[in-house]
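[1] Predicted structure and sequence below. I'll ask about it afterward.
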Amino acid sequence: MTLSAFIEEVLKYNPKADTALLKKAYVLAEKAHHGQTRSTGEDYFIHPIGVATILMKMYADSATLCAALLHDIVEDTSVSIEQVKQLFGEEVALLVEGVTKIEKIHFKDSEDYKAENIRKILIATAKDVRVILIKLADRMDNMQTLKTFRPEKQQRIAKETLEIYAPVAHKLGMWRLKGELEDLSLRYLEPEVYKFLRSKVAEKRTERENSTEEMIATIKQSLAEKHIDAIVYGRAKYFYSIYKKMKKKKIGFNDIYDLVAIRIITKTMPECYAALGIVHDLWKPMPHRFKDYIAVPKANGYQSLHTTIVTNKGKIVEIQIRTEEMHHISEDGIAAHWKYHGTERDKKFDRKISWLKQILEWKRQSKDASDFIESLKVDLFEDEIVVFTPKGDPISLPTNATPVDFAYMVHTNIGNKCSKALVNNKITPLDHNLESGDIVEIVVNKNAEPSRQWLKFVKTSKARTKIKNTLKIEHDHDPKAERLKQDAFIDTLSSASAVYNMIEVIGKNLPLKISKCCDIKFNDKIKGFITKDNKITVHKEGCINIHAMDQKREAALLWKVDNEKDVVAIRLLLEDKVGVLAKILSIFAANQVNIKSVNTKQRKDKVITTIRFYLKEKEKLNSIVAKVKQIKSVIEAVIQKNT
Ligand code: MN
């Protein structure tokens, strides 16, 4: 699709689309992927265009379409996520980054894990559901070119699609995408069955859908004449769902009547029966096919009228009639699929998902793209997060869980030997609050042991129990222990990690490794070298160990402070005394430093305060910190890079 055709298509459904941004994304993606080809031999750029096209059919907003065009750019070309952020802004960059992250999720391959995997992928991306939508469209487009791969690879991808992505689409109420993903999977997993069904279903799907459209129009007109306000829509059955029905009911293809189904959603229950009368007036009902699940609901509470009619052209169609309320109950009855069916946690989860489905459902009907955008940027899973190991294994944790919780969740020994944490490749304090989608790596040290201080910030009972067991702590309130904890805290605060957060690696996305020989302070002259395990070890310029490094593997390093709008953060451990903060802030004022934000957290009788401020003149920083440290109630002050 040419650029102008692409823009024209978008404007058709969204006249307010950001065409300048879309054009920029189109041009960059085309340029960046130039020379790359797909397995089919076609230009690679066809793929991002294909993904964007699938999303256009869902009336996707401009940011989503930009991200779709750019979704493979960070992984497969020399363009970095920072460049995407610079050129397209935070929103698009976050979407691209989110899709790149899902790419790396390593799914556990067992029946038991299926539901868990699906749940985790949803939670990890739930902050912005558009990430999942792009990923599903990506998978859809890739499934369409699967034919060029080796059979083993085809089967592996098809299986993953059928077991993970199709159910995700299902949970989100994206029926069409789900059906198409399943049909494409079936084609590779059961080629004979697929061929059989395809030849049997003589009519092509689009034709089926067209004839359904005609029926829908007829029903709508008749309902309107009787003043019944109802939603009518068609569901063409997919090959996979026919196959499933044949398998489940142990019946042959010719015994499947309902290749197309139509739904009528009314406002009231009497209208259901009125609509049924209208349908039976229009077409001949098949005997023994009428079921009244309204008068006699199914065991799971499902309520609906089912009837099967024969059209004048001899077509057999199933029609389901129910009220809006019944419809929502039936649609949300997905709890049975979940592994922990019936537990409080999962009931909550299902409620959230059903709420999300309602948004998507509403969006499908309303066609109002701009409203759709806002409603999807919601954090639905406020009490649970999912983060990933560097290999992409998803780990569930409670909100505000820390790297220490993560370490213990992975393995007790990793928790006990945890010395440092890298979150999204950046060295991060151990009490840092993790967020969904973070990639967490724990640096273990055989000499490391749990700190009493960890008990103050861990959120999981597993971590708490293991730490206590290892430290053999019987009682929590030992004043001596409290003092010990205090000391440990200062250790954590003044550890090298904070200063390492301020080092930026230019042009490479590799984690930093703290060197044991150099005590690096902010603004020191530093040099970095890429180690064999693909990390960057940082030394002071004069360090003797530099000579042992491979000079060809030097990495360019920069102190970050004057980037990102000159925001610096200072983290303080304070005694909880009146007026301390005012004294500190007056030091900033005296230096004419503008403060961006002040956050405080109470930790028993101490307070942790983080002050973020704008600072252009770097040389001022050390003197400000020195002055702050002179205040009596300031126990510790450490400079941090604002993230
Ligand atoms: Mn892709």
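    The structure has been received and is ready for your questions. Residues are numbered from 1 along each chain as shown.
[2] tell me the SS of residue 82?
    helix (DSSP: H, G, I helix; E, B strand; the rest coil).
[3] Next, the contact list for it, please.
    Going by Cβ atoms under 8 Å, 6 or more residues apart in numbering, residue 82 touches no other residue. To be clear about C-beta, it is placed using only N, CA and C from the backbone, and glycine gets the same treatment.
[4] how much space between it and the ion?
    Applying Cβ to the ion, to the nearest Å, the value for residue 82 to the ion is 20 Å.
[5] repeat for residue 305
    From residue 305 to the ion the distance is 43 Å (Cβ to the ion).
[6] Tally up the residues packed near that residue, please.
    Neighbourhood size, residue 305 [other Cβ atoms under 10 Å]: 23.
[7] where does the chain have its least confident helix or strand?
    helix 369-376 (a mean of 37; mean pLDDT, DSSP states H and E).
[8] now the helices for the stretch 301-450 of the chain?
    Assigned by DSSP state H, counting those that start in this stretch, the stretch 301-450 of the chain shows helices spanning 324-331, 344-366, 369-376, 403-410, 412-416.
[9] Could you do the stretch 451-600 of the chain as well?
    454-457, 461-471, 479-494, 497-500, 580-590.
[10] nearest residue to residue 154 other than its sequence neighbours?
    Closest residue to residue 154 apart from its sequence neighbours, by Cβ to Cβ, 6 or more residues apart in numbering: residue 188 at 4.4 Å.
[11] Does the one you found touch residue 153 like I think?
    No - using Cβ atoms under 8 Å, residue 188 makes no contact with residue 153, being 9.6 Å away.
[12] And those two? Which one has more around it.
    Neighbours per residue (other Cβ under 10 Å) separate residue 188 from residue 153, with residue 188 holding more: 22 against 13.
[13] where does the stretch 51-200 of the chain have low pLDDT?
    The stretch 51-200 of the chain contains residues with pLDDT under 70 at 105-127, 171-176.
[14] and it, which of its residues are near the ion?
    Selection of the stretch 51-200 of the chain residues close to the ion by Cβ under 5 Å from the ion yields 72, 138.
[15] mind redoing it with 8 Å?
    Neighbours of the ion within the stretch 51-200 of the chain, by Cβ under 8 Å from the ion: 51, 71, 72, 99, 103, 138, 141, 142.
[16] Which entries within the residues you listed meet the buried criterion?
    Neighbour-count burial (16 or more other Cβ atoms under 10 Å) applied to these gives 51, 71, 72, 99, 138, 141, 142.
[17] quick one, domains of this structure?
    3-189, 198-335, 384-471, 479-559, 564-640 (automatic domain parsing).
[18] End to end on the longest one, go ahead and measure it.
    Domain 3-189 has an end-to-end distance of 37 Å (criterion: Cα to Cα, to the nearest Å).
[19] List the buried residues of the helix or strand where residue 21 lies.
    Secondary structure assignment for residue 21, by DSSP states H and E: helix 19-32. By 16+ other Cβ under 10 Å, the buried positions in helix 19-32 come out as 19, 21, 22, 24, 25, 26, 28, 29, 30, 32.
[20] ok, the residue lying closest to the fourth one once chain neighbours are set aside to the ion distance?
    Of all residues not flanking residue 24 in the chain, residue 87 sits nearest, at 6.6 Å (Cβ to Cβ, 6+ apart). Counting by Cβ to the ion, the gap between residue 87 and the ion amounts to 19 Å.
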